[in-house]
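Asks: What would the 3D arrangement of this be:
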Amino acid sequence: MMLLAAGAAHAAYPDKPIRMIVISSAGGSTDMVARAVGRALSEGLGQPVVLDNRPGGGGVIAADLTAKAHPDGYTILMANTAHTVQPSLHAMMPYDPIKDFAPVSLVALTHSVLLVHPSLPVKSVRELIDYAKANPGKLNYASGTNGSSAHIGSELLKLMAGIDMLRVPYKGTAENLNALIANEVQVSFVTLPAALPLINSGRLRVIALGGPRRASRLPEVPTVAETLPGFDIGTWHGVLAPAGTPPTIIARLSGELAKMAKNPETREQAAAQGLELVGSSPQELDVYIRGQMAKFARLVKATGMRLD
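Replies: Here you go, the predicted model:
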């Protein structure tokens, strides 16, 4: 009888609003993806999806809240790359990034772009390296929170190029961009969706892409790897739920996100913002996260970024 009751409850899901905890602050690509996901889930499930931005700690705050939430499908997490970086930065974590979460779907991939202030006399990675070596101590970079793609990308650039730049941490992408526009910092890695308007307006200069391939939105912009072979910093966005969330609910959420990813209009809108929609299965996201954790463990070790 209890099993039948539980099955009936799952069949009725959802019958109230869903809370989506977002790993970053408003204004960045993760927030953009979260808003699109929220709209898609709300339309598909017939219930509001309420975004709850909880930046801080490189995503640890948001992830910890999710891991400790009741696993009933009414709390989910919009995670990003930082979720797979943090375990390599800390000796102790308040949660297990694998065991304490149920993967739902890899939602989107995007590029990280290497931006400079227009006053900086460089237009390529090689020119940036040469300038940094000729002007030691003059370059500051905006890093975002610990373990963000801006942080690890800049540290990897320093390591592979043999240059020095001073890290200036900010709360998130919007703050990074404001600091770069104001010339408080001269260099930053920023996700493409957040950077595109400023690149198009000429307020900031893009000199390279952080991923392994060029972007369709900026086909003329080379990758960092074309100058420094092996450089690879991309950004992913995915949905996780607390471990123990019923498989029927996970499947329902994953199915709605797959529909979103296949919608031609939604794909076109995402592509215009520099996003590639994915819509994976839970199993595919699990494999992807494990691979990303292994990759970033190697990068963190190489850069010496470990925080504790």
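Asks: And for the residue nearest the centre of the chain, nearest residue in space, chain neighbours not counted?
Replies: Most central in the chain under CA atoms, centre = their mean is residue 80, positioned 3.4 Å from the mean C-alpha point. In this structure, residue 80 finds its nearest non-sequential neighbour in residue 30, 4.6 Å apart by CB to CB, 6 or more residues apart in numbering. For the C-beta atoms, the positions are set from N, CA and C on the backbone; glycine is no exception.
Asks: Can you report how many residues neighbour that neighbour?
Replies: By other CB atoms under 10 Å, the residues close to residue 30 number 33.
Asks: is it true that it lies in a helix?
Replies: Yes. According to DSSP: H, G, I helix; E, B strand; the rest coil, the state of residue 30 is that of a helix.
Asks: Let me know the next secondary structure element after whichever strand in the chain runs longest.
Replies: Looking across the chain with DSSP state E, the single longest strand is strand 101-116. For strand 101-116, the following helix or strand on the C-terminal side (DSSP states H and E) is helix 125-134.
Asks: Quick one: mean pLDDT for that following helix?
Replies: Mean pLDDT, helix 125-134: 98.
Asks: elements contacting it?
Replies: Under the contact definition 3 or more CB pairs under 8 Å, 6 or more residues apart in numbering; DSSP states H and E, helix 125-134 sits against strand 101-116, helix 149-161, strand 205-209.
Asks: can you tell which of the ones you listed is closest to residue 174?
Replies: helix 149-161 (12.0 Å; CB to CB).
Asks: Return the list of strands paired to the helix or strand just after that closest one, each annotated with direction.
Replies: Where DSSP H and E defines the elements, the next helix or strand beyond helix 149-161 is strand 166-168. Here strand 166-168 is paired, per DSSP bridges, with strand 140-142 (parallel).
Asks: care to break this protein down by domain?
Replies: What automatic domain parsing lists as the domains of the chain is 2-110+235-303, 111-226.
Asks: Quick one: distance of the first one to the chain centre.
Replies: When distances are taken as CA atoms, centre = their mean, to the nearest Å, domain 2-110+235-303 is centred 11 Å away from the chain's centroid.
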